[in-house]
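*Asks:* Mind folding the following:
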Amino acid sequence: MFERISRLAEQALRDEPPSREDALWVLDGEDVALLPLLHAAFLPRERHFGRKVMIHILDNIQNGLCPEDCGYCSQSSDSTAAIRKYPIKSDAEIFAAAERAAQAGASRYCMVLSGRGPTLERTRKLAGLVREIKARWPIEVCVSAGLLEEEPYRRGHRVRILQEAIAPLAADMPPAVCDRLHHALAVIYGIEPWVVLKDICGLPDREVERAALWMADAMIDAALRDSQAAQRRPRAIKTIGGR
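*Replies:* Purely as a prediction, here's the structure:
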């Protein structure tokens, strides 16, 4: 077992992927010891990244007050755990926590809310908070808010979902450019990128996600450039007689 783990570590250091048999053994082998496996995984990580780590700061912006009855959770409706219970924090409190995270060197600020899921109005508020935080400080933001179950977010509603997503940009874009961006994003929002990139091109899930995000960023950049060009373009002035 130890020899096999050492061999896998040596392969990883040569950037050679494990065989299917070895990968299945790592996942489900009865004789796999966790600590030697963790040490083997550490060797290529140290080679490529040294001993650097990424710090994520988690902030419970809403705590307790959950209607769900999950037995493992201290915030469930049935829990008797002595925890602080409070509704969503104020914008000022959230911005202050995000600033502290950025100044402490964190790479990501994570907002977590108790509860089954946000309403559409709460989702809009969270989106505004994310945009403002990213505009103020050089930090990534993630949100754990539960399940999106309202009708606008269900299957077959990508048109309205994307309208909501690009609404903050629409005010600064000519209608034609905004419509073009909306239609372009609709192509990569659903299952289509997975069909092409995963099933046809054979990319792994993470690469499909990266490619789709890259395409979305490129589309937004192109729309912003077109909008700026349209603002600089001189307008024709009509004179009497149509000249």
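*Asks:* Sketch out the low-pLDDT regions of this structure for me.
*Replies:* Regions of the chain meeting the criterion pLDDT under 70 cover residues 149-156, 233-243.
*Asks:* got the domain boundaries for it?
*Replies:* Split into domains by automatic domain parsing, the chain comes to 55-150, 155-233.
*Asks:* okay, those in TSV with mean neighbour count and distance to residue 6 next?
*Replies:* C-beta here means a position set from N, CA and C on the backbone, and glycine is covered the same way. Rendered in TSV, the data for the domains of the chain read as follows (neighbours: other Cβ atoms under 10 Å; distance: least, Cβ to Cβ, whole Å):
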stretch	mean neighbour count	distance to residue 6
domain 55-150	15	31
domain 155-233	14	26
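*Asks:* can you tell which of those is closest to residue 21?
*Replies:* Proximity of the domains of the chain to residue 21 was assessed by Cβ to Cβ; the nearest stretch is domain 155-233, lying at 18.9 Å.
*Asks:* Distance of the nearest residue to residue 55 once chain neighbours are set aside relative to residue 148?
*Replies:* Distance criterion Cβ to Cβ, 6 or more residues apart in numbering; nearest residue to residue 55, sequence neighbours excluded, is residue 106 at 4.5 Å. Shown here: residue 106 relative to residue 148, a distance of 26 Å by Cβ to Cβ, to the nearest Å.
*Asks:* Outside of the helix or strand where residue 62 lies itself, list whatever touches it.
*Replies:* Per DSSP states H and E: residue 62 is located in strand 56-62. By Cβ atoms under 8 Å, 6 or more residues apart in numbering, the surrounding residues in contact with strand 56-62 are 86-89, 93-94, 97-98, 100-101, 104, 106-115, 142.
*Asks:* Okay, the residue lying closest to residue 91 once chain neighbours are set aside and residue 92: tell me how far apart.
*Replies:* In space, not counting the residues next to it along the chain, residue 91 is nearest to residue 129; the distance is 6.8 Å by Cβ to Cβ, 6+ apart. In this view, residue 129 and residue 92 are 11 Å apart by Cβ to Cβ.
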